[in-house]
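>>> predicted model and sequence follow; I will ask about them next.
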Amino acid sequence: MSPASVYCDSLKINLKKGPDIRDITDQVAKLIKDSKIKEGCICATVIGSTGSVTTIEYEPGVVQDLKRAITKLAPPGETYAHEQAWHDGNGHSHVQAALLGPSISLPVRNGRLVLGTWQQVVLINHDNRSRDRMVEVTITGIT
């Protein structure tokens, strides 16, 4: 059996005011190819407390539905203790991001990201302004 390898890299993605959702599947798949890891696991984590990473079927209807659901879960314009302390208007952004989570772990098999036919990896900005989001990626496994 080959010894385990670890490959680390970053993605920088510009996102619009939230909720903005971007398909990052191709960028993640390229990192797996660059890593030369054949069997293992990839972890992608967005840096910051107003972003999240998940999977969806990245098509306009689902993207619209997810944006609507996110906004219903923690709507802007409500009273948030965060805003009373910081006066930055993004209390909802922190709550939305926390509900979806900052990271995702997915299998790598035969040097490829394992996803369902209609499943893509997406990065979400929840903030009330556009943001350059850094996604830290760690791939572990055997080559």
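Looks like it arrived, so ask away. Residues are numbered from 1 along each chain as shown.
>>> please name every helix or strand in contact with the helix or strand where residue 82 lies.
Using DSSP states H and E, residue 82 sits within helix 81-86. Helices and strands touching helix 81-86, as assessed by 3 or more Cβ pairs under 8 Å, 6 or more residues apart in numbering; DSSP states H and E, comprise helix 91-100. C-beta: built from backbone N, CA, C; applies to glycine.
>>> what kind of secondary structure is residue 66 in?
In three-state terms, and counting by DSSP: H, G, I helix; E, B strand; the rest coil, residue 66 is helix.
>>> contact partners for it?
Contacts for residue 66 (Cβ atoms under 8 Å, 6 or more residues apart in numbering) come out as 19, 21, 56.
>>> over to residue 123?
When contacts are taken as Cβ under 8 Å, 6+ apart, residue 123 is in contact with 13, 15, 21, 22, 24, 46, 51, 52, 53, 133, 135.
>>> list the contacts for residue 4?
Listed by Cβ under 8 Å, 6+ apart, the contact set of residue 4 reads 40, 140, 141, 142.
>>> got a ChimeraX select line for the buried ones in these?
Buried residues among those (16 or more other Cβ atoms under 10 Å), as a ChimeraX selection:
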select :40,140,141
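>>> got CSV for the contacts of residue 4, with distance to residue 121 too?
Compiled in CSV, the contacts of residue 4 are given as follows (distance: Cβ to Cβ, whole Å):
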residue, distance to residue 121
40, 16
140, 17
141, 17
142, 22
